[in-house]
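Colleague: Give me a 3D structure for the following:
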Amino acid sequence: MSGTEVVGDQLVGAFQNPGLLLGIPLALAGAVFMSLGAQYQHRGVEKVELMSGADGAMGLSIDQIKRLLTRPSWLLGTLMLALAVICQLAALVQAPLIVVQPLGAIALVITTLLNARISGHTPTRQSITAIACCVGGIFLFVFFAAIFATEQEITERQLFVILAVLLVVIIILGGFWLILRHRMRALFYVIGAGILYGFVATLAKVVIKRVQAGDFEWVTVVCVIALLAAAAVGAYFVQTAYSSGPPDLVIAGLTVVDPLIAVLIGMVVLGEASAAPWWVLIIFAVAGAIAVWGVVGLARFHPQVLSESQDLGIPRGSDETSGGDTSTSADPQRSTGSENPQ
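Modeller: Sure, this is the predicted structure:
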């Protein structure tokens, strides 16, 4: 049987799966809530920075975190993200991990349109190309994942592997943050949060499956604790990323890095891609590379990043005419965007 015939037969079977038919719309609803929540939280972080008079790009202070808890816009964004998590968990109950997680990429398109309207930074051709690579790579991955993904029973050995890798990841990210946080910018925090949220999604799937099977024992409790710890550190990274980058850059990293990590765990550790032929695995790798390239491209060419960040080594036209002094042109834009009543 040829590859085309295999895909056709598997596609017919996928659309007959009630779990996929319910899980995919739930994941898309979660993506909408995620984009709205990101926009409101970003607005709250900007206002807190303005009120405190301190830049949170190197990490939010305790005082700034306390101020966030009193900002209506940030609290509304948190509520939206909570709804996104509920939709995502409901989708994970119905469909395989490697199908549900990548669908969050639709949030990138919504967030980009919202941020362009609010901040006044119209997307450029290069940033649009980067966004298209993010979304296109993810949806190419989802298409084949929906066809070939199969759920497997999760063993305790697999759980220990996931928990051990998560511990190593937290130690590495924490070490980088402690030593190099004065040099870190939005891309580090976005990638770090995406990696941690990938583990959060995987552990959430594990806990759901074990609760459904009635196996709520000490190993499951450890998974819940690890899930909460990874979610807390990831949330801190996300809020710090908002202070040093636009919301659609943050969403781009989360909706690409998060699913790629979750998918790697689902494929390598949980065996959800065990039924996929070799050529599908190549498509997975190519699609993931395209999506990651899109995130890096958006971090370099996003118009808001170019106008606000002075740490990116990118030539700007204004540098040649003003002798390289762009600080006076960046700060007013930032203040104007923060005080915009919209």
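Colleague: and T150, helix, strand or coil?
Modeller: State at T150, reduced to three classes by DSSP: H, G, I helix; E, B strand; the rest coil: coil.
Colleague: Ignore what I typed, I meant A273.
Modeller: Per three-state DSSP, the secondary structure class of A273 is coil.
Colleague: per-residue pLDDT, it?
Modeller: At A273, the model reports a pLDDT of 71.
Colleague: tally of neighbours for the closest residue in space to it that isn't next to it in sequence?
Modeller: Spatially, and ignoring its direct neighbours in sequence, A273 is nearest to M267 (4.1 Å; Cβ to Cβ, 6 or more residues apart in numbering). From N, CA and C alone the C-beta is placed, and that goes for glycine too. The burial count assigned to M267 is 19, neighbours taken as other Cβ atoms under 10 Å.
Colleague: Tell me the predicted confidence for M267.
Modeller: According to the predicted model, the pLDDT of M267 comes to 77.
Colleague: Surely it is in contact with A285?
Modeller: No - checked against Cβ atoms under 8 Å, the pair M267 and A285 is beyond contact range at 10.6 Å.
Colleague: how about the spatially most central residue of the chain, what does it touch?
Modeller: By Cα atoms, centre = their mean, the chain has its centre lying nearest to L254, at 1.1 Å. By Cβ atoms under 8 Å, 6 or more residues apart in numbering, the contact list for L254 reads M34, G104, V190, A193, G194, Y197, V238.
Colleague: for the chain, which helix is longest?
Modeller: Secondary structure of the chain read by DSSP state H shows that its longest helix is helix 18-52.
Colleague: Output the contacting helices and strands for that one.
Modeller: helix 62-68, helix 72-94, helix 97-100, helix 106-119, helix 218-244, helix 247-268, helix 327-339 (3 or more Cβ pairs under 8 Å, 6 or more residues apart in numbering; DSSP states H and E).
Colleague: V45 is nearest to which of these?
Modeller: Each of those has some distance to V45 by Cβ to Cβ; the shortest is helix 218-244, at 4.2 Å.
Colleague: Check the average confidence over that closest one, would you?
Modeller: This predicted structure assigns helix 218-244 an average pLDDT of 86.
Colleague: Return the set of buried residues in that helix.
Modeller: Using 16 or more other Cβ atoms under 10 Å as the test for burial, helix 218-244 gives 220, 223-224, 226-227, 229-231, 233-244.
Colleague: Stretch 270-282 too?
Modeller: Neighbour counts over stretch 270-282 (16+ other Cβ under 10 Å) mark L270, G271, E272, A273, A276, V280 as buried.
Colleague: Turn those into JSON lines, columns for distance to I62.
Modeller: Putting the buried residues of stretch 270-282 into JSON lines (distance: Cβ to Cβ, whole Å) gives the following:
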{"residue": "L270", "distance to I62": "38"}
{"residue": "G271", "distance to I62": "43"}
{"residue": "E272", "distance to I62": "40"}
{"residue": "A273", "distance to I62": "43"}
{"residue": "A276", "distance to I62": "47"}
{"residue": "V280", "distance to I62": "48"}
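Colleague: Closest one of the residues you listed to Q39?
Modeller: Q39 has its nearest neighbour among the buried residues of stretch 270-282 in E272, at 32.2 Å by Cβ to Cβ.
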